[in-house]
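Participant: sequence below, structure please.
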Amino acid sequence: MLQGSRLRAPVRVLFATTLLAMLAGSPAAAGWRPIGPEGGDVLAFAFDPTVPGTVYAGTRYAGVFKSTNHGVSWAPTGTALEGFTVTALAVAGTKPSTVYAGTESGLFKSTNGGARWVPLTLGLPSSTPIVSLTVGAGASPAVYVLLQVPSQAYRSKVFESADGGATWREVGQALAAVGVVSLAADPAVPGRVYAGTPHGPWRSTDAGVTWSPPGHFDDVDDEVLAFAFSPSAAGHAYGTLYIATVSQVILASADGGDTWQVAARLNAPIIALVADPFASGILYMAVYSGDGHESPVPQYQVWKSSDGGVHWEAAGAGIPPARTSVLAVDPWGGATLLVNLSLGPGTWGIARSADHAATWTVSNRGLRAAPVDQVVADRRRPGALYALLRQLGLYKTLDGGSTWSLILPSSSMGPLELDAHRTATIYSPLDYHFSRSLDGGRTWRAIDPGLGEPGGVQAFTIDPTSDALYALTFTGMFRSTDGGASWSRLASYALHEVSSLAVAPNGTLYLTRESADIRGVFKSTDGARTWIPVLPATPSQAIFFQVTVDRVSSTVYVATERGVERSSDQGASWELAELPRRPGQPNAPTVVLAIMPDPRFLGTVYAATVTYGVHRSTDGGASWSPLGPKTASFVTSLALDPASPATVYAAGYSGLLRFDP
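Facilitator: Have a look, this model is predicted:
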């Protein structure tokens, strides 16, 4: 948190009023842009078959990213999908700029290469997760989507649109009793579409109106995970169709599914299967890596076959050790392939091959889609930011997010707080110890020997006035005046499930507690020896996420599931401010996860929400307005730029974003 400026209050208020008036009246393009560490969880790829080099990537929580250079670098597309999890992508081959994106909340379409997205709802169930998405062949290709039926395993519905998504009809009612897990349209035969079921493939030759299982034998009667279409050396219209099953078998059909033969029996779980669109019989598959005992592919995730799946060779040279689940091949020559990477610092995102899978490199440039749990700004060094990423570790930038370095790989690091007066000093729970770094996060030392049991710190905070460090453990409240080198016990008690701790300029302590029997906001005026409830929980106000105190006005703010509670009299009375709902979301709750007063400007407060992005108040929390366009869902942390009075950083599920006025 930032220290209050040395400007006198009247001067500070005048400066803030003038600045905010200028911002409100300026037509400049204010908005949010991603600046976080590169990488992210990619769930889908789609190459444009008519525009060389153009490919789209669907991410978890961060919408759709686009590359125009075969996946070398990436940029976010239109803001309408920011905060959405994109589970499926497809490009209409006859219209290069038409892209379909299936999300966990429905289907979207762009007719200008992703610059603008609109929801497709006429005839489709609202807010239904999209499992699969495919576009058929022909001059006016049909679009097929596979929708998930909530809370019902193997229950799904198939819909088809013949007018580019303007209207939809449900098809495949015959599949309802069987269940559909995958969907693929034949890229060469209009109207032919395949459905993967738990009992083999089904086929429709009339755009989904009627369905029937094609030729069967024992190996085909298994769950179909993926389809791949390979061109025919003999020049057949549809070439060879390959399917991958859950029993680790790859089958091939040269007649559209009438007859089948086993192409390969494997000892590795198959995750994805694709075919080279120009060379007959060249296949690529992504598999789970094994341990060398049950799997013949213990170290590689991508394998290649040049003879229709009969023989396979490892093709993952250069891919970092990571799980891959999505595989795509460029239709322009087949030389470029993309796979997603997950699990492990530095390997979250995309790997790319430009030589038919002979070698691979990580290709995350511009892909800023990694979820960020917390952002902290160093007020002593403009441009220096720390980003804590879930399950990955601590990243740092010295140039405002242009470049990042991973300074501490860790999957068990807790919240950070920078010391206001000790340069490069950071505190955080790390590896089950309350720890301190004196060199900007590079090295850490446990400072909890004097706190009783290791790993017992529930919450901690730094007094902005005295620079004292407070730590609340399961055995009591402790205070240190030497940066954690020594501790004094203020009180002994069993206080569990404390989610937030704050200290006011006069030394009053506040905490939020969410235990099963006692919930609410409490304060102590005697150094934590006793606590009194000042804002008890009620049935309609049951969760308090964070408490903080404005260093200038001493106003207490609490982020809650209904909005922002504020008190200007040390908790004696409270006012609830419900943040405004955005158009199109009238019933979504205004859940506030984090609250941040700006100590430089009296009355300026920022709130991070689950659904509505970041809001700002300039009157001490009495009224609120959105800060620019919606950032993303689940904004969990905020920070202020020490050099730019109106620049705000927001960390959340879709990454780290910066607001520039």
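
Participant: pretty sure residue 189 sits against residue 241.
Facilitator: No - using CB atoms under 8 Å as the test, residue 189 is too far from residue 241 to be in contact (10.5 Å). Just so you know, the C-beta spots here come from the backbone N, C-alpha and C atoms, and that holds for glycine as well.

Participant: show me which of these two is the more surrounded one.
Facilitator: Applying other CB atoms under 10 Å to residue 189 and residue 241 shows that residue 241 carries more neighbours, namely 25 against 16.

Participant: helix or strand for that one, which one?
Facilitator: Secondary structure assigned from DSSP states H and E places residue 241 in strand 240-245.

Participant: helices or strands next to that strand in the packing?
Facilitator: Contacting strand 240-245 under the criterion 3 or more CB pairs under 8 Å, 6 or more residues apart in numbering; DSSP states H and E are the following elements: strand 224-230, strand 249-253, strand 270-275.

Participant: which positions within stretch 95-104 qualify as buried?
Facilitator: Within stretch 95-104, the residues that qualify as buried are 97, 98, 99, 100, 101, 102, 103, 104, counting by 16 or more other CB atoms under 10 Å.

Participant: what does stretch 569-576 give?
Facilitator: Of the residues in stretch 569-576, those with enough neighbours to count as buried (16+ other CB under 10 Å) are 570, 571, 574.

Participant: make TSV from those residues and add distance to residue 429 and secondary structure to it.
Facilitator: Putting the buried residues of stretch 569-576 into TSV (distance: CB to CB, whole Å; DSSP: H, G, I helix; E, B strand; the rest coil) gives the following:
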residue	distance to residue 429	secondary structure
570	29	coil
571	27	coil
574	30	coil
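
Participant: returning to what we had before: I'd like to know which of the helices and strands packed on strand 240-245 is closest to residue 449.
Facilitator: Proximity of those to residue 449 was assessed by CB to CB; the nearest stretch is strand 270-275, lying at 46.5 Å.

Participant: that closest one to strand 224-230, inter-axis angle?
Facilitator: Strand 270-275 runs at 20 degrees relative to strand 224-230, counting by axes from the mean of the first three to the mean of the last three CA atoms, to 10 degrees.

Participant: quick one: distance of strand 270-275 to the chain centre.
Facilitator: In terms of CA atoms, centre = their mean, to the nearest Å, the centre of strand 270-275 is set 24 Å apart from its chain centre.

Participant: and the next element down the chain from that strand?
Facilitator: Note on strand 270-275: by DSSP H and E, the next helix or strand toward the C-terminus is strand 283-287.

Participant: pull up the pairing partners for that following strand, direction included.
Facilitator: Pairing partners of strand 283-287, with direction, according to DSSP bridges: strand 270-275 (antiparallel), strand 302-305 (antiparallel).

Participant: nearest to residue 215, out of the ones you listed?
Facilitator: Ranking these by distance to residue 215, with CB to CB as the measure, places strand 270-275 first at 19.5 Å.

Participant: what's in contact with the closest one?
Facilitator: Contact partners of strand 270-275, identified using CB atoms under 8 Å, 6 or more residues apart in numbering, comprise 225-230, 242-245, 248, 250, 282-288, 324-329, 337.

Participant: related to what we said a few turns ago, pick the one among the buried residues of stretch 95-104 closest to residue 425.
Facilitator: The shortest distance between residue 425 and any of those, using CB to CB, involves residue 104 and amounts to 41.0 Å.

Participant: which ones are touching that closest one?
Facilitator: With contact set as CB under 8 Å, 6+ apart, residue 104 has these partners: 84, 85, 87, 129, 130.

Participant: turn those into CSV, columns for distance to residue 166, neighbour count and pLDDT.
Facilitator: As requested, the contacts of residue 104 are exported to CSV (distance: CB to CB, whole Å; neighbours: other CB atoms under 10 Å; pLDDT from 0 to 100):
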residue, distance to residue 166, neighbour count, pLDDT
84, 21, 25, 89
85, 25, 21, 92
87, 22, 19, 94
129, 22, 19, 91
130, 17, 25, 93
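
Participant: any regions of the stretch 351-500 of the chain where pLDDT drops low?
Facilitator: Applying pLDDT under 70 to the predicted model, the residue ranges of the stretch 351-500 of the chain that meet it are 453-455, 494.

Participant: change it to 90
Facilitator: Per-residue confidence for the stretch 351-500 of the chain (pLDDT under 90) gives these ranges: 370, 379-383, 389-393, 409-414, 419-424, 430-432, 448-458, 463-468, 472-477, 490-499.

Participant: for residue 536, which non-adjacent residue is closest in space?
Facilitator: Counting by CB to CB, 6 or more residues apart in numbering, residue 520 is the residue found nearest to residue 536 once chain neighbours are left out, at 4.1 Å.

Participant: what strand or helix carries that neighbour?
Facilitator: When elements are defined using DSSP H and E, residue 520 is found to belong to strand 519-524.
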